[in-house]
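Asker: Here is a sequence with its predicted model. Questions after.
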Amino acid sequence: MSITFLRLVFCAGILLLSGGCGRSSRVPMPPVARSLEGLDLPRLDFSGLPLTDRVPHRIVSLVASATEVIWALGVGERMVGRSTWCDFPVAARSLPDLGAFQSFRLEGILDQKPDLVVVFASEARLADTLEQQFGLQVLRLVTEEASHLREGVRALGQALSVPERAAILASHLEQEEARIRRRFQAMPRRRVLLVLDRDPLIAPGGGTFLDQIMDLVQAENVVRRLDTTTQWPEIQLERVHAWDPEVIIDLGIGAGTPADEARFWDYWSSQPELVAVANRRVLLVRGGTLVRPGPRIMAAAEALAEWVHTP
């Protein structure tokens, strides 16, 4: 029996298993899914801080994290409009959908007759239009860094005439951050790639709030090694192989259908050389809490830490 014939037999077997001779076989295992959908808003004691009848009475929030803060402060019933991404708490979903980032419907906003509109600071053109042409009160929120969360909570508290409640929520978040840091500070730092999307591959860079959340829980954001000032850089798979992360956290689930999960594992199982893939430490995360620097972010950070540090 010739060596050539043996090689042909071997390649035929590989073709049956992987679809081609010489190609890397896919890792034959289902996705490891985790969920953040069960996280709830913090329950805080606002006794002795009754709500007043002060304005605003009609709030439009176009920032998902701000919508959660508004409800956490106990004034969610004042909201009359939301962005497409303002899907928590569930009660917010019944409000008029006024569009998504960079495509908000001005006419729809005006139809709600708001006396406060909350927008991203980067939506300067929309904010200027609402203020200068229509005389509306606009709160512009910055959400790039973790510290901006507490600043935003206090700013919302002032704008909503509930500064005492906002101070309690901000203090709670600060205490939770300190507790989580203490809990995981002795853990070895793990190399982690956190993925926002796979087509193209997008990940948070250094200085973003997700980078700071990873640092909080002793996770090394491997994207920091990339020489770029871009906050959300596009990553090539070659770089991922060079970094060889120990854990991959994938947030790019899409609509959350079985087909989305199949695409997730099809993508990563084609990279069996990665340590995270070989060790089955690639996690598909349902729920967008980690990308939303709101009142649930510390609970999400603790869940992230447990995934990273638990074998």
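Answerer: Structure received.

Asker: and Glu238, what element?
Answerer: For Glu238, the host element (DSSP states H and E) is helix 237-243.

Asker: How about residues contacting that helix?
Answerer: Contacts with helix 237-243, where a contact means Cβ atoms under 8 Å, 6 or more residues apart in numbering, come from Arg191, Leu193, Leu201, Val222, Arg225, Leu226, Gln271, Glu273, Leu274. The way it works is simple: take the backbone N, C-alpha and C, and place the C-beta from them, glycine included.

Asker: Redo those as TSV? Include neighbour count and distance to Leu283.
Answerer: Converted to TSV, the contacts of helix 237-243 look like this (neighbours: other Cβ atoms under 10 Å; distance: Cβ to Cβ, whole Å):
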residue	neighbour count	distance to Leu283
Arg191	18	14
Leu193	27	11
Leu201	18	16
Val222	24	15
Arg225	12	21
Leu226	16	22
Gln271	18	15
Glu273	9	19
Leu274	21	13
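
Asker: Helix, strand, or coil at Arg34?
Answerer: Recorded secondary structure, Arg34: strand (DSSP: H, G, I helix; E, B strand; the rest coil).

Asker: Enumerate every residue touching the closest residue to Phe209 other than its chain neighbours.
Answerer: Distances taken as Cβ to Cβ, 6 or more residues apart in numbering put Ala146 closest to Phe209, at 4.5 Å, once the chain neighbours are dropped. In this structure, Ala146 makes contact with Glu177, Phe209, Gln212, Ile213, Leu216, Pro293, Ile297, judged by Cβ under 8 Å, 6+ apart.

Asker: per-residue confidence for Ala146?
Answerer: Ala146 carries a pLDDT value of 77.

Asker: Next: Lys113.
Answerer: So Lys113 comes in at 96 (pLDDT).

Asker: Give the burial count for it, as a bare number.
Answerer: By other Cβ atoms under 10 Å, 12 other residues sit near Lys113.

Asker: Help me confirm that it comes into contact with Arg58.
Answerer: Yes: contact between Lys113 and Arg58 holds when scored by Cβ atoms under 8 Å: they sit 6.1 Å apart.

Asker: shared neighbours, these two?
Answerer: Taking Cβ under 8 Å, 6+ apart as the contact rule, Lys113 and Arg58 both touch Val80.

Asker: Phe104 is in contact with Leu126, correct?
Answerer: Yes: with contact defined as Cβ under 8 Å, Leu126 reaches Phe104; the gap is 6.0 Å.

Asker: shared neighbours of the two, anything?
Answerer: Shared contacts of Leu126 and Phe104, counting by Cβ under 8 Å, 6+ apart, come down to Val119.

Asker: Not counting its own residues, what contacts the lengthiest helix in the chain?
Answerer: In the chain, taking DSSP state H as the definition, the longest helix is helix 163-184. Helix 163-184 has contacts (Cβ under 8 Å, 6+ apart) with 42, 44-46, 49, 69, 72-74, 146, 149-150, 153-154, 156-158, 160, 216-218, 295, 297-299, 301-302, 305, 309.

Asker: What count of nearby residues applies to the nearest residue to Ala276 once chain neighbours are set aside?
Answerer: Nearest residue to Ala276 in three dimensions, chain neighbours excluded: Ile248, at 4.5 Å (Cβ to Cβ, 6+ apart). Number of residues near Ile248 (other Cβ under 10 Å) recorded here: 23.

Asker: one step back: out of the contacts of helix 237-243, which sit inside strands?
Answerer: Taking DSSP state E, the ones among the contacts of helix 237-243 that sit in strands are Arg191, Leu193, Leu201.
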